[in-house]
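# Here's my sequence, what's the structure:
(one chain, ligands or ions: 1)
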Amino acid sequence: MPRRLTEKRLVVASHNPGKVREIADLIAPFAIEAVPASALSLAEPDETEPTFIGNALIKAHAAAQASGIPALSDDSGLCVDALDGDPGVLSARWAGPRKDFREAMRKVHERLQKSGTKDLTAHFVCALAIAWPDGHAETFEGRITGTLVWPPRGMLGFGYDPMFLAQGHIITFGEMHPAQKHAVSHRARAFAKFVEACLG
Ligand code: IMP
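Here you go, the predicted model:
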């Protein structure tokens, strides 16, 4: 049986404003105060695991230990089939120290062009981990498949959103308003599993 969250405060263990905004939106209906890691000046631990779940656990445990309250973390990324799953867990690092996602998207596009592939399929993965200060943790994963477009389209969302067209949609995540993205996204899918297990 997964552990239920009975506390009314939760740290959102991320320093990525796009993720913090989306998680705050998703958590809003549950009368839980979502405190961003930046508000507590929590350090960002190194993400040293080869999997999304592994890195989500590192971040959730670090934030729960440092803050003394339960922490929800998100490790996520874009996996491109023709690039053997890259950028994958290194999705943030492809943007470099300046966090330039125009550049990261260009890198994906150039790698695809260089490979000569016609396969533009990709998926987003989101691993959520909730950890309590006593060391207990639960994890959840969501994904959404789609295809990549070039040039990028839309100024909404964050990260690789402007080049991702979810299956069955004609506008990119970068062109979707938050509610539209939440209806289908990898993050919303992982969050729904978290709600069912820990808040339901
Ligand atoms: P990390 O989980 O902190 O390693 O960073 C994941 C990176 O993947 C983010 O910085 C984004 O670039 C990308 N990413 C994760 N989720 C999304 C999303 O919903 N839209 C666009 N990019 C995303």
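# since we're on Thr48, how many residues are nearby?
Using other CB atoms under 10 Å, Thr48 has 8 other residues around it. Placement of C-beta: from N, CA and C, glycine included.
# Apart from its chain neighbours, what residue comes closest to it?
Leaving aside its sequence neighbours, Thr48 sits nearest to Ile58 (CB to CB, 6 or more residues apart in numbering; 7.0 Å).
# Can you classify the closest residue to the ligand within the chain as helix, strand or coil?
Closest contact between the chain and the ligand, by CB to the nearest ligand atom, is at Gly159 (2.4 Å). Using DSSP: H, G, I helix; E, B strand; the rest coil as the criterion, the local structure at Gly159 reads coil.
# quick one, phi psi at it?
Note on Gly159: backbone dihedrals following degrees, to the nearest 10 are phi 50, psi -130.
# mind listing what it touches?
For Gly159, the contact set (CB atoms under 8 Å, 6 or more residues apart in numbering) comprises Gly18, Leu78, Ser91, Ala92, Ala95, Phe101, Ala104.
# Looks to me like the first one is in a helix.
Yes. Judged by three-state DSSP, Gly18 forms part of a helix.
# wait, it sits on Leu156?
No. Look at Gly18 against Leu156 with CB atoms under 8 Å: they stay out of range, at 10.1 Å.
# For Arg9, give me its contacts.
Applying CB under 8 Å, 6+ apart, we find Arg9 in contact with Ile32, Glu33, Val35, Ile69, Pro70.
# 6 Å instead?
Glu33, Ile69 (CB atoms under 6 Å, 6 or more residues apart in numbering).
# Nearest residue to the residue nearest in space to the middle of the chain in space, please, no chain neighbours.
The centre of the chain sits closest to Ser76, judged by CA atoms, centre = their mean, with a distance of 3.7 Å. Nearest residue to Ser76, sequence neighbours excluded (CB to CB, 6+ apart): Cys126, at 4.1 Å.
# For Val35, grab phi and psi.
phi -100, psi 120.
# Identify the bridge partners of it.
In this entry, Val35 is beta-bridged to Val11, by DSSP bridges.
# neighbours of Ala166, just the number please.
For Ala166, using other CB under 10 Å, the count is 22.
# Isn't it up against Thr145?
No. Look at Ala166 against Thr145 with CB atoms under 6 Å: they stay out of range, at 7.6 Å.
# follow-up on the earlier one: can you tell me which of the contacts of Gly159 are classed as buried?
Among the contacts of Gly159, those buried by neighbour count (16 or more other CB atoms under 10 Å) are Leu78, Ser91, Ala92, Ala95, Phe101, Ala104.
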